[in-house]
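Colleague: heads up, no residue letters with this:
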């Protein structure tokens with residue numbers, strides 16, 4: 001079960017702009033309701049599977065997040081009656097994830113009104129921890145996330161700062177597409193995002209009530225081989 005959940009993921013759904021200070025640091029507009037994008041399952045980088053790869057010509061940013069792993073099918077949920085307990089009951093467990101973004105690729109696509117799947121979808125662009133049993137996180141809206149680059153803390157905040165909580169996230173998503181067992185839901189990132197470069201070491205962790213959980217992300221950053229070189233779209 002440690003990594004099987006990631007290997008069996010049907011889809012990865014990622015909430016954007018879910019922390020106020022992160023919205024401000026990127027000069028984005030705060031959404032009035034949850035919006036989300038998809039990452040391919042091929043972007044998953046499991047523990048000890050190798051380095052995170054920076055494509056040539058890209059500016060790659062880290063975004064630490066709590067990931068929820070679904071345990072049941074959800075479809076057309078009524079947001080008025082779908083409670084926090086219902087959301088927790090629908091979750092099989094959790095993981096710590098780092099949503100990597102080729103920021104210059106994403107920014108150009110956004111300016112031109114084009115999809116930005118490329119900026120989120122490169123191989124290794126989702127380093128993820130081992131599975132965290134639900135019993136270790138009694139309240140997903142009260143866990144502490146942190147991320148370091150070369151030992152220097154860059155992100156450190158609590159999920160109680162999320163704008164949209166899991167009931168609204170799941171009900172909104174389910175009204176658009178059926179959520180399936182094994183789907184991975186990324187819940188957004190707090191402030192402090194920034195670049196990583198080849199040669200860096202990226203680490204991240206999660207704690208509950210001051211106790212650090214065993215789930216970790218610890219990856220080296222290297223240059224991506226292959227023919228891809230970013231150029232303007």
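Modeller: Yes, it's here. Since the model is a prediction, treat every value here as computed from it, not as a measurement.
Colleague: How are the helices of the chain distributed by residue range?
Modeller: Taking DSSP state H as the test, the helices found in the chain are 4-7, 20-25, 84-90, 103-111, 117-121, 166-174.
Colleague: list the buried ones in stretch 52-70?
Modeller: 52-55, 58-70 (16 or more other Cβ atoms under 10 Å). Where you see a C-beta, it was placed from the backbone N, CA and C, and this is true even at glycine.
Colleague: Stretch 139-149 now?
Modeller: Neighbour-count burial for stretch 139-149, counted by 16+ other Cβ under 10 Å, picks out 140, 141, 143, 144, 145, 146, 147, 148, 149.
Colleague: Could you tell me the end-to-end distance of that stretch?
Modeller: Length of stretch 139-149, first residue to last, Cα to Cα, to the nearest Å: 27 Å.
Colleague: what mean pLDDT would you report for that stretch?
Modeller: Averaging pLDDT along stretch 139-149 gives 97.
Colleague: what sits up against it?
Modeller: 62, 64-66, 68, 84, 88, 91, 94, 96, 98, 137, 153-160, 162, 165-166, 187, 190, 192, 194, 196, 200-208, 217 (Cβ atoms under 8 Å, 6 or more residues apart in numbering).
Colleague: Select from those residues every entry located in strands.
Modeller: 62, 64-66, 68, 91, 94, 96, 98, 153-158, 194, 196, 201-208, 217 (DSSP state E).
Colleague: got a list of contacts for stretch 9-29?
Modeller: So stretch 9-29 is contacted by 30-31, 34-41, 43-44, 65, 99, 120, 126, 157, 161-164, 169, 173, 179-180, 182-193 (Cβ under 8 Å, 6+ apart).
Colleague: Good, we can wrap up now.
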